[in-house]
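A.B. asks: Okay, here's the prediction I keep looking at, along with the sequence it came from:
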Amino acid sequence: MTSFRVRPATTADVQTIQILVEPLVNDRILLGKDLVVFYEAVQEFRVAVAPDGRVIGCGALHVMWHDLAEVRTLAVASEWLGKGVGHVLLEHIERDAHALGLQRLFCLTFETAFFRRHGFEPVNEELVDPAVFAQLSLSPDEGVAEFLNLSRVKPNTLGNTRMLKRL
Ligand SMILES: CC(=O)SCCNC(=O)CCNC(=O)[C@H](O)C(C)(C)COP(=O)(O)OP(=O)(O)OC[C@H]1O[C@@H](n2cnc3c(N)ncnc32)[C@H](O)[C@@H]1OP(=O)(O)O
């Protein structure tokens, strides 16, 4: 079996994470973020690390409300695809979500088959009531705006599927 391990990200990983996701951002698969935003979110990230210490994957958990969080920036280096790295990263993210008391995990993705295999289902309905929607719309976070499907970010989300997993 190919060995790799998953651990919480450190600030030393942040530039590597940005480099890892850059091609996916250029292809409009993932939302681009400034380096400062990655640093501010470092505690949300887990990274997968090859035996030689190289970061080969990442994924993040962004809490949005008391029961609700989003899986973000899940990405695996091209030469490591299909070796279970994404699966183990998502397992860790789900474990973190459980530990935080969350009950619902959202994602916005083109990788519907991968997320389906991990228990996510496409959703069309509103996932929050109007009062929570109003609160979330105060967030400056672009990902939250995408979750709310605000018109200003709709071009970013074209072709993506909204998916949800109940934990
Ligand atoms: C919420 C968001 O962040 S949305 C964005 C999601 N990310 C992206 O779209 C970025 C581009 N995509 C990627 O980086 C990757 O494709 C990911 C993250 C979606 C999946 O990462 P991977 O490491 O390839 O996933 P993983 O290997 O666990 O599973 C993929 C396939 O490999 C298979 N697999 C799992 N373990 C192994 C293994 N040890 N050996 C061989 N194959 C394996 C799985 O069964 C699965 O098979 P299938 O897709 O052919 O049915």
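C.D. replies: On my side now, so go ahead.
A.B. asks: Tell me, what's the model's pLDDT at the closest residue to the ligand within the chain?
C.D. replies: Proximity to the ligand, evaluated over the chain using Cβ to the nearest ligand atom, is greatest for G86 at 2.3 Å. For glycine as for every other residue, the C-beta is placed from the backbone atoms N, C-alpha and C. Per-residue pLDDT puts G86 at 98.
A.B. asks: what's the answer for the one 10 residues further on, then?
C.D. replies: For D96, the pLDDT comes out at 97.
A.B. asks: what pairs with the residue nearest to it when sequence neighbours are not counted across the strands?
C.D. replies: Spatial nearest neighbour of D96, chain neighbours left out: L61 (5.2 Å); criterion: Cβ to Cβ, 6 or more residues apart in numbering. When assigned by DSSP bridges, L61 has beta-bridge partners V71.
A.B. asks: burial of the residue of the chain closest to the ligand, as a residue count?
C.D. replies: 21 (other Cβ atoms under 10 Å).
A.B. asks: name the element it belongs to?
C.D. replies: Per DSSP states H and E, G86 falls inside helix 85-99.
A.B. asks: helices or strands up against that helix?
C.D. replies: Counting contacts by 3 or more Cβ pairs under 8 Å, 6 or more residues apart in numbering; DSSP states H and E, helix 85-99 packs against strand 5-8, strand 45-49, strand 55-65, strand 68-76, strand 104-109.
A.B. asks: In JSON lines, list those strands along with distance to the ligand, mean neighbour count and mean pLDDT.
C.D. replies: Putting these into JSON lines (distance: least, Cβ to the nearest ligand atom, whole Å; neighbours: other Cβ atoms under 10 Å; pLDDT from 0 to 100) gives the following:
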{"stretch": "strand 5-8", "distance to the ligand": "11", "mean neighbour count": "13", "mean pLDDT": "98"}
{"stretch": "strand 45-49", "distance to the ligand": "8", "mean neighbour count": "23", "mean pLDDT": "98"}
{"stretch": "strand 55-65", "distance to the ligand": "6", "mean neighbour count": "22", "mean pLDDT": "98"}
{"stretch": "strand 68-76", "distance to the ligand": "4", "mean neighbour count": "23", "mean pLDDT": "97"}
{"stretch": "strand 104-109", "distance to the ligand": "4", "mean neighbour count": "21", "mean pLDDT": "97"}
